[in-house]
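Engineer: give me a 3D structure for the following:
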Amino acid sequence: MSLHSKWLLLMGASLLAAAWLGLGTVAAAGAEKVEAGKLPQIRIVPSADQVKAGEEFEVAVWLQGFKGSYGGVQGYEVHMKYDTERIAPVVEKGAGALLRPAVFAAAASPMQLLNKLDAAAGLIQIAEATAQRGPALFSGYGKLGSVTFKAVKDGAASFSLAKSIIILPDNPGLNIQHSVNEPVVSIGAGPAKEGAAKIVGQAPSKAAAQLTVEQRLKQFKDYEAVAKLKWASAAVGELALEQVMQGTAAGDFEPGRLMTRAEFAKAAVLAFELDMKQQSIPAFTDVGKSDWSYDYVETAAASGLLQGVERPQGSVFLPNQPITRAEIAAVLSRQLKALGAAEAAASAAAAKPATGEAATAEASPTNEAKPADAQGEASSAGHPFSDISGHWAEQDIAYLYEQELLQGRTDKLFAPGDHAIRAEVSVLLHRVMQRLNE
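Structural biologist: Modelled structure (predicted):
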């Protein structure tokens, strides 16, 4: 049976007919208007932007930001084109499938329709779909897999998507709108180059029915335990709808369980909608490539949100260790300050003559007191907590307190070394996300 026939049998002829044929010029009546910068993405993610001939590097492909009207993906097809003159894929014999996608949940029973390398054409092709509906559909972030390449010739090795199709239910003939990037890896001594980006497809003509917060909460098996926490249940539901914090594999949310550093790394990456990173060599000795949290921990670390601890055997992340209130404050403060500094720099650059040079600020990569952001430094006088004086996270805690984003355990005590439960983290992340959307 041909690949086309498989698609049509699984998804219905009307759904994929135009997209399969590369059409997709059908106007979407009443389509939701979304700013280009907020569209979901199919991103090609190299582990390095510059290498030497003979060196190896990795390239991953991610689906990012598929939520709201763009959530509930039922199928996708991606053809990644690479420069056959300058790079070559490294494929071990007997390694099995070329890519190992982690997009659909097992409950979706996804059908893998395409997963192959066409070396002559310089194409890597992957396609999956499900006949399921509802919660089994894909939303949020999902990795299609990664491939190792070897640089064989100096020059600029480009990557692009020769085809990228996203299918939502009840949108016959539409390739759903998304952005794609075209990164470039420089081989040799030449300068690193920045790739292009473009938008393909059309806005959905019919969005999937959106669950209410209460409906989403009731999908957790421990709904009663979440509902009892009146101060946290709405935040838990909102974050679940936004794909920022999900339940366990067993279907529970476990609001009273201590949140681990690995769980928080993933939640922070998703809450701040960071672009995923690809690392050829793990940054930490205790988080391996096969661990569920690997990509999120690496992205959080590379983005300056979380760091590890130096040990004789190397840097460790302590992924299963509960995260402390001080660590959470430091992560959120860093990112808010970095975003505020970037926004201020962009505004200043727009106001200055073209010859001026805008100053930028960088989030501190260490667990020390941080530089003040553009709004001024928060001092110990800016908070009431007697137990954080001289603490490495004092400035971060003070900053969030002044922003009315967090409170202490009591009026006078913050308890920086206490661990946080998942319900507490949900409330704080929800507040921060609301602030960013103001």
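Engineer: C-alpha only now, for contacts and for neighbours.
Structural biologist: OK.
Engineer: show me the helices in this protein, by range?
Structural biologist: Using DSSP state H, the helices of the chain run over residues 3-11, 13-20, 213-217, 223-227, 233-241, 261-271, 294-302, 325-351, 394-402, 422-436.
Engineer: identify the residues contacting the third one?
Structural biologist: To tie it back to what came earlier, the one meant is helix 213-217. Taking Cα atoms under 8 Å, 6 or more residues apart in numbering as the criterion, the residues outside helix 213-217 that touch it are 223, 226, 227, 233, 234, 236, 237, 238, 240, 241.
Engineer: widest-spaced pair of those residues?
Structural biologist: Set against one another by Cα to Cα, the contacts of helix 213-217 have their most distant pair in 227 and 241, with a gap of 15.7 Å.
Engineer: between these two, who's got more neighbours?
Structural biologist: Between residue 227 and residue 241, counted using other Cα atoms under 10 Å, the more crowded position is residue 241 (22 against 18).
Engineer: pull the contacting residues for that one.
Structural biologist: Neighbour list for residue 241: 211, 213, 216 [criterion: Cα under 8 Å, 6+ apart].
Engineer: what's the per-residue pLDDT of residue 22 here?
Structural biologist: Residue 22 carries a pLDDT value of 37.
Engineer: my error: substitute residue 423 in the last question.
Structural biologist: Each residue has a pLDDT score; the one for residue 423 is 97.
Engineer: wouldn't it be in contact with residue 256 here?
Structural biologist: Yes: assessed by Cα atoms under 8 Å, residue 423 is found in contact with residue 256 at 6.4 Å.
Engineer: re earlier: out of the helices of the chain, the one nearest residue 52 is which?
Structural biologist: If you check each of the helices of the chain against residue 52 by Cα to Cα, helix 294-302 wins as the nearest, at 21.9 Å.
Engineer: and the closest one, what does it pack onto?
Structural biologist: Helices and strands touching helix 294-302, by 3 or more Cα pairs under 8 Å, 6 or more residues apart in numbering; DSSP states H and E, are helix 261-271.
Engineer: how much space separates the nearest residue to residue 267 once chain neighbours are set aside from residue 312?
Structural biologist: Taking Cα to Cα, 6 or more residues apart in numbering as the measure, residue 267 lies nearest to residue 244, with 5.4 Å between them; neighbours along the chain are not counted. Applying Cα to Cα, to the nearest Å, one obtains 34 Å for the distance of residue 244 from residue 312.
Engineer: which one's more surrounded, the two?
Structural biologist: For residue 244 versus residue 312, neighbours defined as other Cα under 10 Å are more numerous around residue 244 (23 against 6).
Engineer: thought that one was touching residue 273?
Structural biologist: No: contact criterion Cα under 8 Å: residue 244 and residue 273 do not qualify, at 9.2 Å.
Engineer: and residue 232, what does it touch?
Structural biologist: With Cα under 8 Å, 6+ apart, residue 232 has these contacts: 226, 423, 424, 426, 427.
Engineer: now do residue 251
Structural biologist: If you count contacts by Cα under 8 Å, 6+ apart, residue 251 has them with 219, 220, 221, 222.
Engineer: separation between the residue nearest to the third one when sequence neighbours are not counted and residue 228?
Structural biologist: I take that to be residue 221. Computed as Cα to Cα, 6+ apart, the closest residue to residue 221 that is not its neighbour in sequence is residue 252, at 5.0 Å. Counting by Cα to Cα, the gap from residue 252 to residue 228 is 14 Å.
Engineer: neighbour count for those two, which is higher?
Structural biologist: The neighbour comparison of residue 252 against residue 228 (other Cα under 10 Å) goes to residue 252, with 16 against 10.
Engineer: contacting residues for the more buried one?
Structural biologist: 220, 221, 222, 223.
Engineer: equivalent analysis for residue 188, please.
Structural biologist: With contacts defined as Cα under 8 Å, 6+ apart, residue 188 is in contact with 50, 51, 52, 53, 154, 155.
Engineer: same check, this time on residue 70
Structural biologist: Residue 70 makes contacts with 40, 139, 168, 176, 204, 207, as judged by Cα under 8 Å, 6+ apart.
Engineer: can you check residue 184 too?
Structural biologist: Contacts for residue 184 were tallied using Cα under 8 Å, 6+ apart; they are 49, 156, 157, 158, 159, 192, 193, 194, 195.
Engineer: in strands, which of these fall?
Structural biologist: In strands, defined here by DSSP state E, the members of these are 156, 157, 158, 159.
Engineer: doesn't residue 83 make contact with the second one?
Structural biologist: Translated: residue 157. Yes: under the criterion of Cα under 8 Å, residue 157 lies in contact with residue 83, with a separation of 5.5 Å.
Engineer: before we move on, the earlier item: okay, the ones in strands among the contacts of residue 184 in CSV with distance to residue 301 and neighbour count next?
Structural biologist: Below are those laid out as CSV (distance: Cα to Cα, whole Å; neighbours: other Cα atoms under 10 Å):
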residue, distance to residue 301, neighbour count
156, 28, 21
157, 27, 21
158, 26, 18
159, 25, 23
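Engineer: hmm, who's touching stretch 84-99?
Structural biologist: Contact partners of stretch 84-99, identified using Cα under 8 Å, 6+ apart, comprise 115-117, 119, 121-122, 126, 144-157.
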